[in-house]
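> sequence plus predicted model, see below.
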Amino acid sequence: MARNVTLAKLVEELRAEIGASTNVSQGIGSLPSLEQTIRRNQERLYHEYNWPHLIIDRDEPLVMHGRYYTFDADVNFERILGAWVKYSDTWRPLQYGFDPLAYNTQDPEDGEYEDPVRRWRHYEDNQFEVWPVPTANNIQAIRFRALRYLNPLLANTDKCDIDSTLIVLFSAAEILTRLKAQDADSKLALANQHYRMIRGNYDKSQPFIMGGGISTTKPSGPIYGGRI
């Protein structure tokens, strides 16, 4: 798989796949369209699958009476795969979601705090809220497993995060279909075949393990769900 390929190189490969000149001085008027097609296909592929090479773990120390926190800048908070809390040197699954009924038992506005944190939820933009609220500093930390944000393809030197062959083949199939070219279907078939191969390799080599309860080992997969 070829990742970290520059936008300029992706455009060159795309031109070759659709039978256009790879000479930058020719067909310059189509350059913005080619670049936008490449960007959109990388973004579509990014949103279709939890690519293992883009998965990151980020820890957030919890503070005394701290109710709201901000996700790290590289965490795509719409693509959280798992959440755990470390308390008394033990990793515990952190469940997602709670509603105002939770405050009937532990309400920080009434000065009610408890350890450990058991649930979390998204809160306005790039923040999250925890419940119950911690009683002290530096005795708990939340670990989020998530996809990092996609690097944008804006400048010629910007590099792709998704396999370049996938991006180029799907982009070529889209353009050839628009042009009603005879090889549009075969190009799309090649793109889908390559996509299935990559997905198959990832799914076989890096399975996620679902689980629950208290774990004495570090997190190994997404443990995330349930409401109160």
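That came in fine, so what should we check first?
> can you show me the strands along this structure?
For the chain, strands defined by DSSP state E occupy the ranges 55-61, 68-70, 75-87, 90-93, 95-96, 119-123, 127-131, 140-148.
> mean pLDDT, distance to Asp163 and mean neighbour count for those - can I get that in JSON lines?
(Glycine included, C-beta is placed from N, CA and C.) Output for the strands of the chain, formatted as JSON lines (pLDDT from 0 to 100; distance: least, CB to CB, whole Å; neighbours: other CB atoms under 10 Å):
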{"stretch": "strand 55-61", "mean pLDDT": "97", "distance to Asp163": "16", "mean neighbour count": "15"}
{"stretch": "strand 68-70", "mean pLDDT": "98", "distance to Asp163": "32", "mean neighbour count": "14"}
{"stretch": "strand 75-87", "mean pLDDT": "97", "distance to Asp163": "18", "mean neighbour count": "19"}
{"stretch": "strand 90-93", "mean pLDDT": "96", "distance to Asp163": "32", "mean neighbour count": "18"}
{"stretch": "strand 95-96", "mean pLDDT": "96", "distance to Asp163": "31", "mean neighbour count": "19"}
{"stretch": "strand 119-123", "mean pLDDT": "97", "distance to Asp163": "30", "mean neighbour count": "17"}
{"stretch": "strand 127-131", "mean pLDDT": "98", "distance to Asp163": "31", "mean neighbour count": "19"}
{"stretch": "strand 140-148", "mean pLDDT": "98", "distance to Asp163": "16", "mean neighbour count": "20"}
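> between those strands, which one is closest to Arg3.
When the strands of the chain are compared by CB to CB, strand 140-148 sits nearest Arg3, at 13.4 Å.
> by how many degrees do that closest one and strand 55-61 diverge?
Here strand 140-148 runs at an angle of 150 degrees relative to strand 55-61 (axes from the mean of the first three to the mean of the last three CA atoms, to 10 degrees).
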